[in-house]
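Novice: Quick one: sequence and predicted model below, then my questions.
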Amino acid sequence: MKPIHPGKVGQSSLEHRSDEAYVIVKAAPRASRTHGETVCTAALTRDGDWVRLYPVSFRYLDDSRKFSRWNKIKYRWRAPKASQDQRHESRRVDHDSIEIIGNLPPKERNAFIQRVAVRSLDEQAKLGKSLALLSCQIIDFVCEPRSRDELQKQEMIYSNLRSQGDLFASSEVPRETCSHQFRYHFRDNDGEHWGTCQDWETEATFLRRRSETNEQQALEWMRWKFGEDYPSRGMALAMGTHRLRDWQWLINGVIRMTEEDQLNLL
């Protein structure tokens with residue numbers, strides 16, 4: 001599924017431009033030597049165009065700019081250097097310009113995301129797209145234990161977040177590193193694929209469930225909820241390509257696709 005990028009993309013510019021978009025996905029935080037803990041945010045403009053906003057730094061974002069899913073934000077951005085990121089949806093954001101200016105009403109959310117859903121990642125790749133909301137058949141949802149090295153690396157990130165404050169509401173920050181990663185086996189119009197879910201909310205859901213029961217029961221509930229219940233009622237996968245491996249699509253989030261569910265999403 002290697003994207004073909006038509007024309008010139010990712011040209012660097014020192015000139016900032018202004019834009020507005022609705023936040024749809026916030027991937028799990030990653031460590032950055034330059035910016036501290038950062039998060040990659042996928043958002044949609046009112047016209048239904050995807051944008052990727054980064055690096056959003058936890059260290060320097062003040063409380064008034066801590067946006068959540070469905071918030072409408074205004075921001076200034078410039079294109080990244082072509083050597084760093086050639087994905088044309090990518091935007092390097094000026095932190096000081098981020099402003100929450102509204103919220104997408106719950107009753108409008110389902111129709112808003114339905115119109116951008118697609119059924120083929122190959123088609124999106126051929127168009128040079130690096131973000132997509134994929135409506136697909138869920139074959140399986142798998143919970144895999146993380147290795148010791150993975151746990152130590154992620155715990156270091158979360159430890160820094162707890163000491164600094166974060167972009168998300170405090171209730172969404174995991175109290176501990178998630179012992180498992182969650183993978184989807186799915187089928188779109190191009191065939192079958194596997195992908196690891198990088199959505200922070202999915203991990204937080206597991207940890208909350210485990211605190212109420214135990215690990216085994218929590219894993220069984222996750223397999224049912226994310227592997228059977230949500231797919232049966234309608235859901236889509238928010239997908240994005242890797243910066244360095246533009247042929248590799250990653251699962252950045254799980255979006256439920258029914259009006260009833262949209263009313264309950266954060």
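Specialist: Cool, the structure landed.
Novice: low-confidence ranges in this structure?
Specialist: 1-14, 27-39, 57-61, 158, 160-175, 259-266 (pLDDT under 70).
Novice: just the strands in it please.
Specialist: 17-26, 30-32, 36-44, 50-57, 71-78, 90-93, 99-103, 117-118, 131-134, 137-145, 180-188, 191-196, 235-241, 249-256 (DSSP state E).
Novice: Quick one: these as CSV, columns for mean neighbour count and distance to residue 152 too.
Specialist: C-beta here means a position set from N, CA and C on the backbone, and glycine is covered the same way. As requested, the strands of the chain are arranged in CSV below (neighbours: other C-beta atoms under 10 Å; distance: least, C-beta to C-beta, whole Å):
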stretch, mean neighbour count, distance to residue 152
strand 17-26, 19, 23
strand 30-32, 14, 12
strand 36-44, 22, 16
strand 50-57, 22, 23
strand 71-78, 18, 33
strand 90-93, 22, 30
strand 99-103, 13, 35
strand 117-118, 16, 37
strand 131-134, 24, 31
strand 137-145, 15, 14
strand 180-188, 19, 14
strand 191-196, 14, 18
strand 235-241, 23, 26
strand 249-256, 22, 22
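Novice: Kindly reformat the ones you listed as a markdown table and extend each row with distance to residue 125.
Specialist: What follows is the strands of the chain, written out as a markdown table (distance: least, C-beta to C-beta, whole Å):
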| stretch | distance to residue 125 |
| --- | --- |
| strand 17-26 | 19 |
| strand 30-32 | 23 |
| strand 36-44 | 16 |
| strand 50-57 | 14 |
| strand 71-78 | 24 |
| strand 90-93 | 16 |
| strand 99-103 | 32 |
| strand 117-118 | 11 |
| strand 131-134 | 9 |
| strand 137-145 | 19 |
| strand 180-188 | 12 |
| strand 191-196 | 12 |
| strand 235-241 | 8 |
| strand 249-256 | 8 |
